[in-house]
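Undergrad: quick one: sequence and predicted model below, then my questions.
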Amino acid sequence: MSHQPPSVDTGASKREDTHNTTDSPGTQEAQSAIHQQFRAAHEGHAPHRALDATRSSTGVIWVTERANEAGFADAPHEWANFGQGAPEVTDLPGCFERPKTIEVPTDSREYGPTAGIKPMREAVAKLYNEHHRQGKESKYTWENVCIVPGGRAGLIRIAAVLGPSYLGYFIPDYTAYSDMLSLFRNFAAIPIPLSEDDNWHMHPAKIREELARGTSVILTSNPRNPCGRVVTNPHLNEIQDMCRRRATLIMDEFYGGYNYASNCDGKVISAADNVDDVDKDDVLIIDGMTKRFRLPGWRLAWIVGPKTFIKALGSCGSYLDGGSNVPFQLAAIPMLEPGKVLQEMKALQTHFMGKRDYVVGRLREMGFRIPYVPEATFYLWLDLKGLPEEINDGLNFFAALLEEKAIVTPGIFFDLNPSKRRDLYDSVCHHFVRLSYGPTMETLKKGLDAIQRVLDKYGMKKPEHNGEEHVLKLN
């Protein structure tokens, strides 16, 4: 049975496409309403003289808007949201109980320091010293920690204080980097493509190449969003050694607790293990309560690094975001006790590894080729190239799933393109989606059932044998 590509009727397909391309799109993509809508949203228009419309609908926001148009906002409990980059927030076996009420002392009504209150900064420093600085002479203090209202706010602060430089970033990587990299003119953003043939590994040799051509700032998630890979020692230590005194490393470690490579022993992946001198090594580490403590609604994160950097980051908070919520900082301090965190990470890793294995198993049974099992994060970078032409790219697969009340994030959003120099059809991420196994198991089952219905609708046969090399077949 032949099906037309799924469509999202917003009128975007009626607009004339004036985007210049070097390679013509395939007929399937040229006729796809969801592709035309994506192009229209990201080329922008001028409904208001001072508005840059391309900033009003990006990444997961664009995905959520399309889902809302299909009914998600009206009945979210009926949907399976694989698109949101958030963990389940319900109580889990072995994890400590989250506060159900928050104390609000009288003095917490005042403005708080833009670098965060000292007790929380001390608690973060203690956590890093206990978990990552044992036996090392150089230790973090509260002056090495800046508390920020979420990871994006932390990234914006870092971007604001960078000097003139070439900043290297990887493809694919976290979608929010793209907007951050286009906001400031104090650095030039340089893309560093990773290879699908190498399963998206970030090798030390790649870093050495970038340093040789003058890159002096390197930004990366580790563990890596969206592909679930992670750089660990000795490779991570090698990267830090070659960057020492040559480049500033910005390490987004929000998924460091979702580490499945060490038998769920609670170990957190962090560049803090390899820092020689906490005030001389140009290593900025971003983490927080959002992912590994499963409190995304608290908007509470931190940056760990040299005192001189931290002082500048605290100062620029006064004009960028105003600082973090004081009562939530006070409530977070008891959660950061190192022994409690270790037990929390063990339970977290055990629970999420079980969900990972379930999702990978179901997808392989359907016939998806999954060449590696993620060692970290709660994401699968799902390859669609073996699917029928109507749904073998991220945008059309996304649109097809909307009809079955399920959401994924098209891979195109992880092809960071702050200067808008590359075309949609040239993207290495075009035939991928990011699938999150952050939601509850009930939601995962519902969403995987939806994927199976889409495959059935477009004429897929299950493979004769299960395994990572299976190729999807057409009826």
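TA: Done, it's in.

Undergrad: average model confidence for stretch 247-267?
TA: On average, the pLDDT along stretch 247-267 is 97.

Undergrad: gap between that stretch and the chain center?
TA: Remark: stretch 247-267 is offset 13 Å from the chain centroid, using C-alpha atoms, centre = their mean, to the nearest Å.

Undergrad: what do you get for stretch 388-406?
TA: Between the mean C-alpha point of stretch 388-406 and the mean C-alpha point of its chain there is a distance of 21 Å (C-alpha atoms, centre = their mean).

Undergrad: end to end on it, go ahead and measure it.
TA: Its start and end residues considered, stretch 388-406 measures 19 Å (C-alpha to C-alpha, to the nearest Å).

Undergrad: now stretch 187-200
TA: End-to-end distance of stretch 187-200 (C-alpha to C-alpha): 25 Å.

Undergrad: mean confidence score for it?
TA: So the average pLDDT for stretch 187-200 ends up being 93.

Undergrad: buried ones in it?
TA: Of the residues in stretch 187-200, those with enough neighbours to count as buried (16 or more other C-beta atoms under 10 Å) are F187, A189, I190, P191, I192, L194, E196, W200. In this view, the C-beta of every residue, glycine as well, is placed from N, C-alpha and C.

Undergrad: now for these: which two are most distant?
TA: Taking C-beta to C-beta as the measure, those span a maximum distance of 27.7 Å, between F187 and E196.

Undergrad: would you say D173 is within a helix?
TA: No. Secondary structure of D173 (DSSP: H, G, I helix; E, B strand; the rest coil): coil, not part of a helix.

Undergrad: distance of it from H430?
TA: D173 sits 16 Å away from H430, going by C-beta to C-beta, to the nearest Å.

Undergrad: checking Y166 next. Helix, strand or coil?
TA: If you use three-state DSSP, then Y166 falls in the strand class.

Undergrad: ok, for it, nearest residue in space, not its chain neighbours?
TA: Nearest residue to Y166, sequence neighbours excluded (C-beta to C-beta, 6 or more residues apart in numbering): T215, at 4.8 Å.

Undergrad: sec struct for that neighbour, please.
TA: Criterion first, three-state DSSP; result for T215: coil.

Undergrad: quick one: L395 and H35 touch, right?
TA: Yes. Here L395 reaches H35: they are 5.5 Å apart, a contact under C-beta atoms under 8 Å.

Undergrad: how about the strands of this structure, start to end?
TA: Counting by DSSP state E, one finds strands in the chain at the ranges 80-81, 145-148, 165-171, 187-193, 217-221, 248-252, 283-288, 301-304, 379-383, 406-407, 409-410, 432-436, 460-461, 473-474.

Undergrad: report the distance from stretch 310-322 to the chain centre.
TA: Its chain's average C-alpha position is 24 Å from that of stretch 310-322, according to C-alpha atoms, centre = their mean.

Undergrad: over to stretch 100-115?
TA: The offset between the C-alpha centroid of stretch 100-115 and the centroid of the whole chain comes to 29 Å, using C-alpha atoms, centre = their mean.

Undergrad: list the buried residues in that stretch.
TA: Buried residues in stretch 100-115, counted by 16+ other C-beta under 10 Å: S108, G112, P113, T114, A115.

Undergrad: then stretch 398-413?
TA: Of the residues in stretch 398-413, 398-402, 404-413 count as buried by neighbour count, 16+ other C-beta under 10 Å.

Undergrad: picking up where we left off before, format the buried residues of stretch 100-115 as TSV; extra columns: pLDDT and distance to R369.
TA: Output for these, formatted as TSV (pLDDT from 0 to 100; distance: C-beta to C-beta, whole Å):
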residue	pLDDT	distance to R369
S108	95	53
G112	96	50
P113	97	51
T114	97	48
A115	98	47
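
Undergrad: is it possible to get TSV of these that adds distance to G266?
TA: TSV is the format used below for these (distance: C-beta to C-beta, whole Å):
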residue	distance to G266
S108	32
G112	31
P113	31
T114	32
A115	29
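
Undergrad: follow-up on the earlier one: tell me the one of the buried residues of stretch 187-200 nearest R453?
TA: Using C-beta to C-beta as the measure, the one of the buried residues of stretch 187-200 that approaches R453 most closely is E196, at 27.8 Å.

Undergrad: ok so, going back, farthest-apart pair in the buried residues of stretch 398-413, please.
TA: K405 and I412 (22.1 Å).

Undergrad: residue contacts, P93?
TA: Contact partners of P93, counting by C-beta atoms under 8 Å, 6 or more residues apart in numbering, are A347, H351.

Undergrad: and the gap between it and Y358?
TA: Following C-beta to C-beta, the distance that separates P93 from Y358 is 16 Å.

Undergrad: longest helix anywhere in this protein?
TA: The helix spanning the most residues in the chain, taking DSSP state H as the definition, is helix 338-366.

Undergrad: and it, what does it pack onto?
TA: Helix 338-366 makes packing contacts with helix 118-132, strand 379-383, helix 441-457 when contacts are defined by 3 or more C-beta pairs under 8 Å, 6 or more residues apart in numbering; DSSP states H and E.

Undergrad: so, low pLDDT: which residues of the stretch 1-150 of the chain?
TA: Within the stretch 1-150 of the chain, the stretches falling below the threshold (pLDDT under 70) are 1-5, 7-31, 36-47, 49, 53-58.

Undergrad: let's see it at 50
TA: Confidence mapping of the stretch 1-150 of the chain against pLDDT under 50 gives the ranges 10-23, 44-45.
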